[in-house]
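Asks: I would like to see how this sequence folds:
(chains A, B, C and D)
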There are 2 protein chains.
Amino acid sequence: MKPRGRGGAADPESTRSALLEAGTHVFAERGFKGATADLIARRARANKAMINYHFGSKKGLYQAILTATFSEMAARFRGIRATDRPAPEQLRQFVALFAEFAQAHPSFPVMFIREVLSGGEHMRREEFVTLLTVFTQVRDAVEQGMREGTLRKLNPLLTHFSLMGALCFFFIVEPFRRRAFREAGLDVPAPEAADFVAHMQELVTRGLAADAPARRKS
Amino acid sequence: MKPRGRGGAADPESTRSALLEAGTHVFAERGFKGATADLIARRARANKAMINYHFGSKKGLYQAILTATFSEMAARFRGIRATDRPAPEQLRQFVALFAEFAQAHPSFPVMFIREVLSGGEHMRREEFVTLLTVFTQVRDAVEQGMREGTLRKLNPLLTHFSLMGALCFFFIVEPFRRRAFREAGLDVPAPEAADFVAHMQELVTRGLAADAPARRKS
DNA sequence: GTCTATAGGCTGATAGAC
DNA sequence: GTCTATCAGCCTATAGAC
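Replies: Prediction:
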């Protein structure tokens, strides 16, 4: 095993995984178009031609990354849904899980939002199907909560969008936030992910709960 | 006045405004890099060279658009803050205003999120300062609410991020949502902006309100 | 002010040696 | 499997006619 610097690979098979790691980083940072094959290859200590050899094309590499990331995310959401806790607790866990995943894979929210902006331009049916699993877990939890009487009447899609939107935004905004405050001369401490998770969990708990039943009536 | 098709211009001065309109559309749709000067010029029924003549460069046109959009947005937020309603009511109005603005200017949330992703790559201090006005209005309302006792203890920045993130996401996700559901064979009705506004207002009202004071204690 | 033509730079994919 | 060299395409910005 010939050691290399960050992300590099020498032995035959691991050129492939080095390209996956490098691609993840560069695609997230610069978008599909902005990420040049040369940049990805150099970061993987490999060569432009290797991308086409291993993945067919730049787009092929991109899709391989999306599939791997989305699959892992979806599997974890299913894991939470499988515990049969009350719905509000499951929603709080979705929030915590998303944050944990986004911290372990910082490129996930970035690549996801980039795809959203392009209308899923570089995605195949396969990636859409995997991704929708995440929504269906949230939808099912919300519907469970409405049946249980633990959640008020909610639109599952709108509930999902408000959680997903807020969470993604938090995890993509930090570089922008830092620069915006610096340029405008405003000094606000960098927000901690843990604090945001607590904020969102509190918002979910209070904001989505069923109304307390009217005391001694009916 | 020679009439032209959508967005076109003939008379001397309005080539400029036709380029602004066309640029807004094309930049939102394809991003800064993806929007070619030729595409913008054709939509404005003008010529590539006109972009450089009127705005110095493609980036100059882009910044002119950002400045105009952000300024209008910021001015409206200040307008709400100027009414001295209770904080929760102001937050509900921020939500409604954002939605109204996003519907009138569909490219605003898209261009904003694109800039967020790039870390503000194409923005000057001027645009950052204008944009931060929006945050400071929300921050001030939250602080007012905590003083008034109408809002619970909140971090203004996290509150702002959760609102902004959810709202932006809703207004950028529709094309992606449509395609995702179609490809995955899932049939969910297209969400209405008005319903989402109601959802977010309810979430804010219930989720951020101060706890009811303990009855007859102290 | 507006246009055409083009210079100059960059990029994805491939051919072909090893 | 990996690399170098190269081709063909696309893009911004500008020069210069009108």
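Asks: how about the strands of chain A, start to end?
Replies: Secondary structure of chain A (DSSP state E): no strands located.
Asks: low-scoring pLDDT stretches of chain A, where are they?
Replies: Filtered on pLDDT under 70, chain A yields the residue ranges A:1-12, A:215-218.
Asks: quick one: is the helix ranked longest in it near chain B?
Replies: Using DSSP state H, we find that the single longest helix of chain A is helix A:156-183. Yes. Contact of helix A:156-183 with chain B (CB under 8 Å from any CB of the partner chain) involves A:157-159, A:161-170, A:172-173, A:175-176, A:179-181, A:183. Every C-beta, even on glycine, is put in place using the N, C-alpha and C of the backbone.
Asks: Could you do stretch A:85-98 as well?
Replies: No. Contact of stretch A:85-98 with chain B (CB under 8 Å from any CB) is absent, the minimum separation being 10.8 Å.
Asks: hey, C-alpha coordinates of that stretch in CSV?
Replies: C-alpha atoms of stretch A:85-98 as CSV (Å, rounded to 0.1, in the frame of the first residue of the first chain):
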residue,chain,number,x,y,z
ARG,A,85,-41.8,6.1,18.8
PRO,A,86,-44.4,8.8,18.9
ALA,A,87,-44.4,11.0,15.8
PRO,A,88,-43.1,14.2,17.4
GLU,A,89,-40.1,12.2,18.7
GLN,A,90,-39.5,10.8,15.2
LEU,A,91,-39.5,14.3,13.8
ARG,A,92,-37.0,15.5,16.3
GLN,A,93,-34.8,12.5,15.4
PHE,A,94,-35.1,13.4,11.7
VAL,A,95,-33.8,16.8,12.5
ALA,A,96,-30.9,15.5,14.6
LEU,A,97,-30.1,12.8,12.0
PHE,A,98,-30.0,15.3,9.1
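Asks: what's that stretch in contact with?
Replies: Residues outside stretch A:85-98 that contact it (CB atoms under 8 Å, 6 or more residues apart in numbering or on different chains): A:76-77, A:80-81, A:83, A:137-138, A:141-142, A:144-146, A:148, A:150-151, A:163-164, A:167, A:197, A:200-201, A:204-205, A:208-209.
Asks: can you give me how far stretch A:111-124 is from the chain middle?
Replies: Distance of stretch A:111-124 from the chain centroid (CA atoms, centre = their mean, to the nearest Å) equals 12 Å.
Asks: Just the buried positions in it, please.
Replies: A:111-123 (16 or more other CB atoms under 10 Å in any protein chain shown).
Asks: Stretch A:39-47 now?
Replies: Using 16+ other CB under 10 Å as the test for burial, stretch A:39-47 gives A:39, A:40, A:41, A:43, A:44, A:45, A:46.
Asks: check whether it contacts DNA strand D.
Replies: Yes. For stretch A:39-47 and DNA strand D, the contact criterion (CB under 7 Å from any atom of the strand) is met by A:46, A:47.
Asks: Likewise for stretch A:55-66?
Replies: No. Judged by CB under 7 Å from any atom of the strand, stretch A:55-66 stays clear of DNA strand D, getting no closer than 11.2 Å.
Asks: how close does residue A:82 sit to residue A:93?
Replies: Residue A:82 sits 11 Å away from residue A:93, going by CB to CB, to the nearest Å.
Asks: Those two: which has the busier surroundings?
Replies: The neighbour count for residue A:82 versus residue A:93, taken as other CB atoms under 10 Å in any protein chain shown, is higher for residue A:93 (19 against 10).
Asks: for the buried residues of stretch A:39-47, which one is nearest residue B:107?
Replies: residue A:39 (28.8 Å; CB to CB).
Asks: what about the closest one, distance to residue B:119?
Replies: Taking CB to CB, one finds residue A:39 at 17 Å from residue B:119.
Asks: quick one on the thing from earlier: would you convert the buried residues of stretch A:111-124 into TSV that also reports distance to DNA strand D?
Replies: Shown next, in TSV, are the buried residues of stretch A:111-124 (distance: CB to the nearest atom of the strand, whole Å):
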residue	distance to DNA strand D
A:111	23
A:112	25
A:113	23
A:114	19
A:115	20
A:116	22
A:117	18
A:118	15
A:119	18
A:120	20
A:121	14
A:122	16
A:123	21
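Asks: and those, which two are the farthest apart?
Replies: Going by CB to CB, the pair spanning the buried residues of stretch A:111-124 furthest: A:111 and A:119, at 14.4 Å.
Asks: which bits of chain A sit near DNA strand C?
Replies: Checking chain A against DNA strand C by CB under 7 Å from any atom of the strand, the hits are A:35, A:36, A:37, A:38, A:48, A:49, A:51, A:52, A:57, A:58, A:59.
Asks: need the contact list for residue A:128.
Replies: Contacts of residue A:128 by CB under 8 Å, 6+ apart are A:120, B:179, B:180, B:183, B:184.
Asks: can you rerun that using 6 Å?
Replies: Contacts for residue A:128 (CB atoms under 6 Å, 6 or more residues apart in numbering or on different chains) come out as B:180, B:183, B:184.
Asks: So which of the residues you listed is the closest to DNA strand C?
Replies: Of all the contacts of residue A:128, DNA strand C sits closest to residue B:183, with 22.0 Å by CB to the nearest atom of the strand.
Asks: and that closest one, what is it in contact with?
Replies: So residue B:183 contacts A:125, A:128 (CB under 6 Å, 6+ apart).
Asks: And for residue A:131?
Replies: residue A:70.
Asks: That one and DNA strand C, how far apart?
Replies: Shown here: residue A:131 relative to DNA strand C, a distance of 23 Å by CB to the nearest atom of the strand, to the nearest Å.
Asks: same thing with residue A:68?
Replies: 19 Å.
Asks: same deal with residue A:44?
Replies: Counting by CB to the nearest atom of the strand, the gap from residue A:44 to DNA strand C is 14 Å.
Asks: Now do the same contact list for that residue.
Replies: Here residue A:44 is in contact with A:18, A:19, A:22 (CB under 6 Å, 6+ apart).
Asks: Can you pull the phi/psi pair for it?
Replies: phi -90, psi 0 (degrees, to the nearest 10).
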